[in-house]
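>>> using only what follows, build the 3D model:
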Amino acid sequence: MTDSIEIQDLYFSYPDGHTALHGVSLNVRRGEKLALVGPNGAGKSTLLLHLNGILRGQGLVRISGLEVNHANLGRVRALVGLVFQSPDDQLFSPTVLDDVAFGPIYQGLKPEEVRRRVDYALEAVHMQDYIHRVSHHLSVGEKKRIAIATVLSMQPEVLVLDEPSAGLDPRARRSLINLLAELPQTMVVATHDLALVRDLLPRMVVMDHGQVVADDATDRILAQGDLLAAHGLEKP
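Below is the predicted model:
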């Protein structure tokens, strides 16, 4: 079976000369849920932005067997749903319906298929009753669910989330963890929330200074206090 994500020897430097990724290699199996952890500046967000071609470095990145290059960019972006840390970066339409429908409309789907996709996505995040609400009037937790729905309406194979629990109160955070556990997509989650990692993500990849420094089962890495401390992490 083709891996959902294949990264080989990936390097990336920003225009100011800062090298953010130093030869990263990583494979993620279809349906796997993986945590990407490490201190600020480790390269986590930079790596995420390579998965749908927003950033392009030197090295190989494949999504479901498709190389991330200019020729495949449209197909790759349909496969990878990226949920940003701030839901306000993704919610810009007058209503929840408009936000969730935006991607399928942009894909050129017929109105009946667009509505089917919207209904499916809102049901998946348990927000069907919010379809006519104004997105910017929602709580942070509700906005995060709608932001995930805007991605699910595109029916991606891979779901990529950057700090999904940031800014959430304990109840909303637990609700989000339960929601993400229900979703079948391959999932890569960049986060500082190691309690979320423990509860949701069976595999953990630790990054520091643009490199993968550990890749193992979450419970095994969380048992290594010295490793966590060396890379600015605290056991939950």
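>>> pLDDT below threshold where in the chain?
For the chain, applying pLDDT under 70 flags the ranges 1.
>>> what about the helices in it?
Shown for the chain, the helices assigned by DSSP state H span residues 44-50, 73-79, 96-106, 111-124, 140-152, 170-182, 194-200, 218-222, 225-230.
>>> what about the shortest one, distance to the chain center?
Shown here is helix 218-222, whose average C-alpha point lies 21 Å from the average C-alpha point of the whole chain (Cα atoms, centre = their mean, to the nearest Å).
>>> now the fourth one
Computed by Cα atoms, centre = their mean, the separation of helix 111-124 from the middle of its chain amounts to 21 Å.
>>> with just CA atoms, put that helix into PDB.
Backbone C-alpha positions of helix 111-124 (Å, rounded to 0.1, in the frame of the first residue of the first chain) are rendered in PDB as follows:
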ATOM      1  CA  PRO A 111     -24.800  22.700  -6.400                       C
ATOM      2  CA  GLU A 112     -26.300  19.500  -5.200                       C
ATOM      3  CA  GLU A 113     -22.800  17.900  -4.700                       C
ATOM      4  CA  VAL A 114     -21.600  21.100  -2.900                       C
ATOM      5  CA  ARG A 115     -24.500  20.800  -0.500                       C
ATOM      6  CA  ARG A 116     -23.900  17.100   0.000                       C
ATOM      7  CA  ARG A 117     -20.300  17.900   0.900                       C
ATOM      8  CA  VAL A 118     -21.300  20.700   3.300                       C
ATOM      9  CA  ASP A 119     -23.800  18.400   5.100                       C
ATOM     10  CA  TYR A 120     -21.200  15.600   5.300                       C
ATOM     11  CA  ALA A 121     -18.500  17.900   6.700                       C
ATOM     12  CA  LEU A 122     -20.700  19.600   9.300                       C
ATOM     13  CA  GLU A 123     -22.000  16.300  10.400                       C
ATOM     14  CA  ALA A 124     -18.500  15.000  10.800                       C
END
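>>> can I get the helices of the chain in CSV with mean neighbour count and distance to Tyr130?
(Glycine included, C-beta is placed from N, CA and C.) Converted to CSV, the helices of the chain look like this (neighbours: other Cβ atoms under 10 Å; distance: least, Cβ to Cβ, whole Å):
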stretch, mean neighbour count, distance to Tyr130
helix 44-50, 22, 27
helix 73-79, 16, 25
helix 96-106, 21, 5
helix 111-124, 17, 7
helix 140-152, 23, 7
helix 170-182, 15, 14
helix 194-200, 19, 23
helix 218-222, 17, 32
helix 225-230, 13, 38
